[in-house]
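Student: only geometry, no sequence info:
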């Protein structure tokens, strides 16, 4: 079982920045595809950004050019740098870690979530 612990959420004004961090309790963190998801009230959870074990990245169209996902394998940590924040970015942000193992099984782990509120 892998534990994911997020931090860095909070209240920020429109146009501001936040950096989310997620620390994973696994010695093979580098093998995991990591992602940040978010869920706003009344909406489904959506992928914000992902980064593979090879550090390839992908982003939701709504955050391209504003958010940056990165990882530090030596620290077992994935980051989400969020700039130019908008009120519509308000949501609970969740860290996800995923790894495929033999015989078609996918290991899938979630953090507890961290609240991001963008408001003046």
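Tutor: Sure thing, it's come through. This is a predicted model, so every value here is computed, not measured. Numbers count the residues shown, from 1 in each chain.
Student: Report the central residue of the chain.
Tutor: Taking Cα atoms, centre = their mean as the criterion, residue 36 is the residue nearest the geometric centre of the chain, at 2.2 Å.
Student: Could you look up the SS state of the residue lying closest to residue 62 once chain neighbours are set aside?
Tutor: In space, and not counting its chain neighbours, residue 62 is closest to residue 88: 7.6 Å by Cβ to Cβ, 6 or more residues apart in numbering. (C-beta placed from N, C-alpha, C; glycine too.) The local conformation at residue 88, judged by DSSP: H, G, I helix; E, B strand; the rest coil, is helix.
Student: And the strands in this protein?
Tutor: Applying DSSP state E to the chain gives strands spanning 4-7, 10-12, 18-24, 33-39, 46-51, 57-59, 67-72, 77-82, 91-101, 105-110, 114-118.
Student: how about these in TSV, adding mean pLDDT?
Tutor: Shown next, in TSV, are those (pLDDT from 0 to 100):
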stretch	mean pLDDT
strand 4-7	96
strand 10-12	97
strand 18-24	98
strand 33-39	98
strand 46-51	98
strand 57-59	98
strand 67-72	98
strand 77-82	98
strand 91-101	96
strand 105-110	94
strand 114-118	98
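Student: circling back to that earlier point, could you pull up the residues touching the residue nearest to residue 62?
Tutor: Under the criterion of Cβ atoms under 8 Å, 6 or more residues apart in numbering, the contact list for residue 88 reads 40, 62, 118.
Student: Tally up the residues packed near the second one, please.
Tutor: What that stands for is residue 62. Close neighbours of residue 62, defined as other Cβ atoms under 10 Å, add up to 13.
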